[in-house]
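Enquirer: Have a look at this prediction, sequence included:
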Amino acid sequence: MTIHKQLASSCFNKVWDLLSKEERTERESEEMVHLCHGSFWHWTQVEDHTPTNLSVGYWQLARVYAVIGQGSQALDYAIKCMKISADAKLDAFYIAYAYEAAARAYSVIGESAQKDEALARAADYAERIADAESRGWVTADLATIS
């Protein structure tokens, strides 16, 4: 495993640790943003990175920005996630999560009509996911968007 792949994975996992905290300090939120960008950058340095790697990276960036309340940045990354996922014709799982990211971003910025549309698209793609466990993850995450 290359150093970039190791660092990308390490940063990605540390972001998850911070995302899973019920209460984060401002410093931890800032660290989470930096780690997420670091993870994404390191993936771009892996010679054989794939559109799937980029889709997941954009999705995590969108999620982080939504969680810290920066909806416009979250939406920018969600749109990038949707584009790369669609252009690469990724599995329904990744496209569902791209729309989940958009719905979450629209929720943060208070655009309820766009949020509802993105939620519907995400749910449609979730139904196409063959693996029941993966479909359940998407469905559970969609249920957390208000």
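Expert: On my side now, so go ahead. All values reported here derive from a predicted model rather than from experimental measurement.

Enquirer: Mind telling me which residue is nearest the centre of the chain?
Expert: Among the residues of the chain, the one closest to the centroid is residue 59, at 2.0 Å (C-alpha atoms, centre = their mean).

Enquirer: contacts for the host helix or strand of residue 115?
Expert: Assigned by DSSP states H and E, residue 115 belongs to helix 112-127. Residues outside helix 112-127 that contact it (C-beta atoms under 8 Å, 6 or more residues apart in numbering): 92-93, 95-97, 99-100, 102-103, 106-107, 135, 138-139, 142, 145. The way it works is simple: take the backbone N, C-alpha and C, and place the C-beta from them, glycine included.

Enquirer: Stretch 29-40 too?
Expert: By C-beta under 8 Å, 6+ apart, stretch 29-40 touches 7-12, 14-15, 18-19, 24, 54, 57-58, 60-61, 64-65, 67-68.

Enquirer: which helix in this structure runs the most residues?
Expert: helix 26-45 (DSSP state H).

Enquirer: Give me the mean pLDDT for it.
Expert: Per-residue pLDDT over helix 26-45 has a mean of 97.

Enquirer: What residues of that helix count as buried?
Expert: 29, 32-33, 35-40, 42-43 (16 or more other C-beta atoms under 10 Å).

Enquirer: Dump these into a markdown table; add distance to residue 86 as well.
Expert: Output for the buried residues of helix 26-45, formatted as a markdown table (distance: C-beta to C-beta, whole Å):
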| residue | distance to residue 86 |
| --- | --- |
| 29 | 30 |
| 32 | 27 |
| 33 | 26 |
| 35 | 27 |
| 36 | 22 |
| 37 | 23 |
| 38 | 26 |
| 39 | 22 |
| 40 | 19 |
| 42 | 24 |
| 43 | 19 |
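
Enquirer: what's the nearest residue to residue 125 if we skip its chain neighbours?
Expert: residue 96 (3.6 Å; C-beta to C-beta, 6 or more residues apart in numbering).

Enquirer: so which strand or helix has that neighbour?
Expert: helix 92-109.

Enquirer: quick one: average pLDDT of that helix?
Expert: The model assigns helix 92-109 a mean pLDDT of 98.
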